[in-house]
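Participant: Just a sequence and a predicted model for now, questions to come.
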Amino acid sequence: DGGITQSPKYLFRKEGQNVTLSCEQNLNHDAMYWYRQDPGQGLRLIYYSQIVNDFQKGDIAEGYSVSREKKESFPLTVTSAQKNPTAFYLCASSILSGTASTEAFFGQGTRLTVV
Amino acid sequence: AQSVTQLGSHVSVSEGALVLLRCNYSSSVPPYLFWYVQYPNQGLQLLLKYTSAATLVKGINGFEAEFKKSETSFHLTKPSAHMSDAAEYFCAVSERSSASKIIFGSGTRLSIRP
């Protein structure tokens, strides 16, 4: 089945630890995204990438890092510098029409809880 | 820069009543526009999208939306609400410019009264 796989679904970490969230897609999409979702705030863009080995900061990139070494993979690291990391994290990918991102396909999300 | 505003964080309608969820966008170039639905603890599913073809777009589950350039709006409607429509709905915009990204509104939670 084609789609986007995020793992794990639930993740618990101690404060001060870095943690990496996995996102893999087999849709052959060029663009990939990471969003953070908090209650009442919708989806806020953390990082996005339109091509391998290139990515751009979104609106809330501080305390996060990403890599795009392969087209199908876009892991997100939540570092200890992120002041409030507990949230629901969503990964998405999309087809590019020229340079415009069209329909985004989403993974099932990872709920990160930092204690 | 593009942006999306969803009016009303919570909308409640009776079963069988009209559903209207409002979305206004800001974009300096013609946009792509989307509506997504999210059920608890799940990812987002595309309901419908506008890509500059017909201004009235029909989607899944009986939803439709109309692109109105003069009003910069893309409101989502459904003639008759079902209990299964209870969910969170997000409007999103993507600009047709270089290095475009998809920006989401803050969401509208739809509740259905029996």
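Facilitator: Arrived safely, thanks for sending.
Participant: rest of the way, CA atoms for contacts and neighbours
Facilitator: Noted.
Participant: What's the end-to-end length of stretch A:51-69?
Facilitator: Terminal residues of stretch A:51-69 lie 9 Å apart, using CA to CA, to the nearest Å.
Participant: Kindly report the residues of chain A close to chain B.
Facilitator: Contacts of chain A with chain B, taken as CA under 8 Å from any CA of the partner chain, map to A:40-45, A:48, A:50, A:90, A:99-109.
Participant: The lowest-mean-pLDDT helix or strand in chain A: what's the following helix or strand?
Facilitator: Using mean pLDDT, DSSP states H and E, the weakest-scoring helix or strand in chain A turns out to be strand A:100-106, at a mean of 84. Counting by DSSP states H and E, the next helix or strand C-terminal to strand A:100-106 is strand A:110-114.
Participant: Tell me the confidence at the residue lying closest to B:T108 once chain neighbours are set aside?
Facilitator: Leaving aside its chain neighbours, B:T108 sits nearest to B:S9 (4.4 Å; criterion: CA to CA, 6 or more residues apart in numbering or on different chains). Note for B:S9: predicted pLDDT of 92.
Participant: related to what we said a few turns ago, just the residues contacting the least confident helix or strand of chain A, thanks.
Facilitator: Strand A:100-106 is touched from outside by A:3-4, A:31, A:90-96, B:32, B:34, B:43-46, B:49, B:94-102, with contacts defined as CA atoms under 8 Å, 6 or more residues apart in numbering or on different chains.
Participant: Give me the buried entries from these.
Facilitator: A:4, A:31, A:90-96, B:32, B:34, B:43-46, B:49, B:94-96, B:99-102 (16 or more other CA atoms under 10 Å in any protein chain shown).
Participant: closest point of chain B to chain A, which residue?
Facilitator: Per CA to the nearest CA, B:S106 is where chain B lies closest to chain A, at 3.8 Å.
Participant: Now do that residue against B:F90, distance only.
Facilitator: B:S106 is 7 Å from B:F90, where distance means CA to CA.
Participant: just A:Q82 next, same as before
Facilitator: In this structure, A:Q82 and B:F90 are 26 Å apart, going by CA to CA.
Participant: Do a quick rundown of the helices in the chain.
Facilitator: Picked chain A for this. Using DSSP state H, chain A contains no helices.
Participant: nope, chain B please
Facilitator: Going by DSSP H, chain B shows no helices.
Participant: What is the least confident helix or strand in it?
Facilitator: In chain B, the helix or strand scored least confidently by mean pLDDT, DSSP H and E is strand B:102-104, which has a mean of 89.
Participant: That one pairs with which strands, and in what direction?
Facilitator: If you go by DSSP bridges, strand B:102-104 pairs up with strand B:87-95 (antiparallel).
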